[in-house]
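In: Next input, structure requested:
(one chain, ligands or ions: 1)
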Amino acid sequence: MTGPSERPSGDRFAAERRDERFDGGRRDERSGGRDQRPSGGQRGERPARGGPWGARSGGDRRDGGRRPMARPTVDLPRQVAYEAVAAVHRDDAYANLVLPSLLRDAGLVGRDAAFATELTYGTLRRLGTLDAILGDAAGRDVQRIDPPVRDALRLGAYQLLHTRVPAHAAVSSTVDLVKSVGAGATGFANAVLREVAGRDADAWVAKLAPSAESDPIGHLALTYSHPQWIVRAFAEALGGDLGETTRLLIEDNERPPVHLCARPGLADPAELADEVGGAPGAFSPYAVYLSGGAPGDVPALAQGRAHVQDEGSQLVANALAVAPLDGPDGRWLDLCAGPGGKSGLLGALAAQRDARLTAVEVSEHRARLVEQATRGLPVTVLHTDGRTVGADPKLPEGHFDRVLVDAPCTGLGSLRRRPESRWRRQPSDLPPLTRLQRELLAAALRAARPGGLVAYVTCSPHTVETHVTVTEAARRSGVPVDFVDARPLLPAGMPGLGDGPTVQLWPHRHGTDAMFLAMLRRT
Ligand SMILES: C[S@@+](CC[C@H](N)C(=O)[O-])C[C@H]1O[C@@H](n2cnc3c(N)ncnc32)[C@H](O)[C@@H]1O
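Out: Predicted coordinates:
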C-alpha cells in the first residue's frame, strides 16, 4: 500500500516544552482521574470568538500578564489540545493533570476551554480507532509517522469523525498545526486528512473492523477503541454477554460527570446540590452530580465539607461503615489510603460514631495528600507499608474492627476518567499487581480482630484482580474468614448487583466507576 509522502522534521518546540510544565504532576493521580469539565461548552463546538478559527485572536483568554502559548498561526484551543496529547505520548503525562495547567497557562476559559478539553479527551479515548484509520489513509503504520505530526493528525481525524467542526476547518487547522510542529509534512497531512474526510466514522469502522461473527472481540475493540485484552476481560467479567460489553465500551468513551461527596455531618447533599447547581446522586446518600464547571470552583471543597469522589467509591466505603458488627466498633483502618478519598468519607463517618480511622499509605507524597484530605477528622495517617501489619507496633494484629483494602489495581474500572490509561496498561501489569493485592488483603485479614470486617475493593472488574485475588488471599492467609453478602450493604433497590456475595458496580448499569467489593468477616 502506498500513501502520501511525509518529510519528517524534528519537533522544534520539544526542548522548550520539555521541562517547563509537567514535572510537578506527572506521576501523580491525586485528582482521581476526574474529567476537567469547563462550563458552557457543547460537544464539538467551535470556539466562541475569533471568526472561523475561534480563539486564534485570543478568544476568551484571560491574559493576566501570562506568557502567550500559541504559535502565531494555530488557534489556542487546538494548540492546547495538541500540547496535552503530545505531553501524554512524549512524557507519559496524565491528561487530567496536564490539561488543567495548560488551560491555565493559556488563559483559556468557557467554550474555548471546553473545546480544548473535548479534543484532548476525545482524541485520547479514540486513539486505537483513529490510528487504524490514519494508518489506512496514510498507507503506512502510524508508528512510522513523526510523533508530532502523528499527534496533530490524530486531533484532526478526531475533529473530522467525531465533532461538528466542518471538514474544511478540521483539515486546514490541522495543516496549520503541522506547519508549526513538523513543517515539512504539511502536504502529507493535507492528503491524509482529505482521505480520512472521505468517509464518516461508521463507514471507516465498516471498512477496517473484523466482522462481529468471525472475531467478536476484535470487532468491538476496533469499533469502540479499546485494546483487545481489555475487551476480553470486560466480556469475561460480564459473563460473556457481548451486548452488555458493548454498552460498557460505549460508556467508557463518554465524558463522565464529576461526582462530589457531601461529607456526612459537614454538608447536606441536597443543599450542596443547590449550592453548585447540581443534582443529588441516584444511589449514594452523599453524592452530588456536578452539572458543569471545574470542581475546584466549589467553595464546599475548599472548606473541607465535600470532596470529589466517584459515587461508586462512596458506596463501597459506606458499605464497610454500615455493615452490621457485634462488639467494639471504634478502631477503623484504611490500609491503602492515598490520596484520601475514602479516608475522607470514612473519617467523617467515624467522627459521627466516636470512632478513629488509621489511614496507611506507602507513598510519602500520597500520605501527605491523605493528611490534607482528612484534616479536622479523627484520622491518624501512617506513612508505611500496609503489609507490615504485625511487625509495626502501630499496626498490631487482631486490633481493628473495620478494615478497608482499596488495593492498587489496573484501574480498568475508571477508563472513562483516564482517557490514556487503556493504552498504557498491559496484561503484564497483572502478575505484580495481583501479588501485591493478595499480600495487602492478607495483611488486612491479620489486622482485623476476630469478628471484625474487611472490605476488599478494586477499581477494576478484571476477575483476576477481583474474585481470584480474594479467593486466593483468603485461602492462603491462614486467617479464617466468611464472606458477608455485600448486596444488602448497598442502597435498597439498587439494580444490577448480581448474585452476591460480592458486588460489581458498572458505569453502564449504575453510572459509577466499575468498583468491586468483597466483604469478609474474620471468624
Ligand atoms: C487505589 S489507591 C487507593 C485510593 C484511596 N483509597 C482513595 O479512595 O483515595 C491504592 C493506594 O495504595 C497505595 N499502596 C500501594 N502499595 C501499598 C502498600 N504496600 N502499603 C500501603 N499502601 C500502598 C498506593 O500508593 C495508592 O495510593
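In: Only alpha carbons, please: show the helix or strand that contains Val457 as CSV.
Out: In this structure, Val457 sits in strand 448-458 according to DSSP states H and E. What follows is strand 448-458 as a C-alpha-only set of coordinates in CSV (Å, rounded to 0.1, in the frame of the first residue of the first chain):
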residue,chain,number,x,y,z
ALA,A,448,-8.9,-7.4,61.8
ARG,A,449,-10.0,-8.6,65.2
PRO,A,450,-12.0,-11.9,65.4
GLY,A,451,-15.5,-10.9,64.3
GLY,A,452,-14.1,-7.8,62.6
LEU,A,453,-14.9,-6.8,59.0
VAL,A,454,-12.6,-6.5,56.0
ALA,A,455,-13.7,-4.8,52.8
TYR,A,456,-11.6,-5.6,49.7
VAL,A,457,-12.1,-3.1,47.0
THR,A,458,-10.7,-2.5,43.5
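In: Arg164 in helix, strand or coil?
Out: coil (DSSP: H, G, I helix; E, B strand; the rest coil).
In: Got phi/psi on it?
Out: phi -90, psi 10 (degrees, to the nearest 10).
In: Show me which positions of the strand holding Val457 end up buried.
Out: Buried residues in strand 448-458, counting neighbours by 16 or more other C-beta atoms under 10 Å, are found at Ala448, Arg449, Gly452, Leu453, Val454, Ala455, Tyr456, Val457, Thr458. Placement of C-beta: from N, CA and C, glycine included.
In: What strands flank that strand, and is each parallel or antiparallel?
Out: Sheet pairing of strand 448-458 (DSSP bridges) gives strand 400-406 (parallel), strand 516-522 (antiparallel).
In: now the ones you listed as CSV including mean neighbour count and mean pLDDT?
Out: Formatted as CSV, those follow (neighbours: other C-beta atoms under 10 Å; pLDDT from 0 to 100):
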stretch, mean neighbour count, mean pLDDT
strand 400-406, 26, 99
strand 516-522, 25, 98
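In: Which of the ones you listed sits closest to the ligand?
Out: Among the strands paired with strand 448-458, strand 400-406 comes nearest to the ligand, with 3.5 Å by C-beta to the nearest ligand atom.
In: just checking, next helix/strand downstream of that closest one?
Out: Criterion used, DSSP H and E; the element after strand 400-406 is helix 421-424.
In: does that following helix come close to the ligand?
Out: No: Helix 421-424 stays out of contact with the ligand when judged by C-beta under 6 Å from any ligand atom, the minimum separation being 12.9 Å.
In: and the strand holding Val457, what's its mean pLDDT?
Out: For strand 448-458, mean pLDDT is 98.
In: How about stretch 153-170?
Out: For stretch 153-170, mean pLDDT rounds to 98.
In: Which positions in that stretch come out as buried?
Out: By neighbour count on 16+ other C-beta under 10 Å, the buried set for stretch 153-170 is 153-163, 165, 169-170.
In: Quick check: the farthest pair among the residues you listed?
Out: The distance between the two most remote of the buried residues of stretch 153-170 (C-beta to C-beta) is 16.7 Å, for Arg154 and Ala169.
In: Got the phi and psi for Ala323?
Out: Dihedral angles of Ala323 (phi, psi; degrees, to the nearest 10) stand at phi -60, psi 130.
In: Tell me the residues of this structure that contact the ligand?
Out: Counting by C-beta under 6 Å from any ligand atom, the chain sits next to the ligand at 313, 336-342, 360-363, 366, 385-387, 406, 408, 436, 440.
In: Against Ile250, how distant is Glu213?
Out: To Ile250, Glu213 is 20 Å away according to C-beta to C-beta, to the nearest Å.
In: More neighbours: which of these two?
Out: Comparing Glu213 with Ile250 by other C-beta atoms under 10 Å, the one with more neighbours is Ile250, at 13 against 7.
In: Could you chop this protein up by domain?
Out: What automatic domain parsing lists as the domains of the chain is 1-208, 209-252, 310-522.
In: looking at the ones you listed, which is closest to Asp274?
Out: Nearest to Asp274 among the domains of the chain is domain 1-208; the distance by C-beta to C-beta comes to 17.0 Å.
In: Please measure how far the first residue of stretch 249-267 sits from its last one.
Out: Stretch 249-267 has an end-to-end distance of 34 Å (criterion: C-alpha to C-alpha, to the nearest Å).
In: go on, stretch 103-117?
Out: Using C-alpha to C-alpha, one end of stretch 103-117 lies 9 Å from the other.
In: Just the buried positions in that stretch, please.
Out: Buried residues in stretch 103-117, counted by 16+ other C-beta under 10 Å: 103, 105-117.
In: Tell me who's in contact with Thr384.
Out: Residues near Thr384 by C-beta atoms under 8 Å, 6 or more residues apart in numbering: Val360, Val362, Asp392, Lys394, Leu395.
In: can you give me the helices in the stretch 251-400 of the chain?
Out: 269-276, 299-302, 311-322, 341-352, 364-373 (DSSP state H, counting those that start in this stretch).
In: Redo those helices as a markdown table? Include mean pLDDT.
Out: Formatted as a markdown table, those follow (pLDDT from 0 to 100):
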| stretch | mean pLDDT |
| --- | --- |
| helix 269-276 | 95 |
| helix 299-302 | 94 |
| helix 311-322 | 98 |
| helix 341-352 | 98 |
| helix 364-373 | 98 |
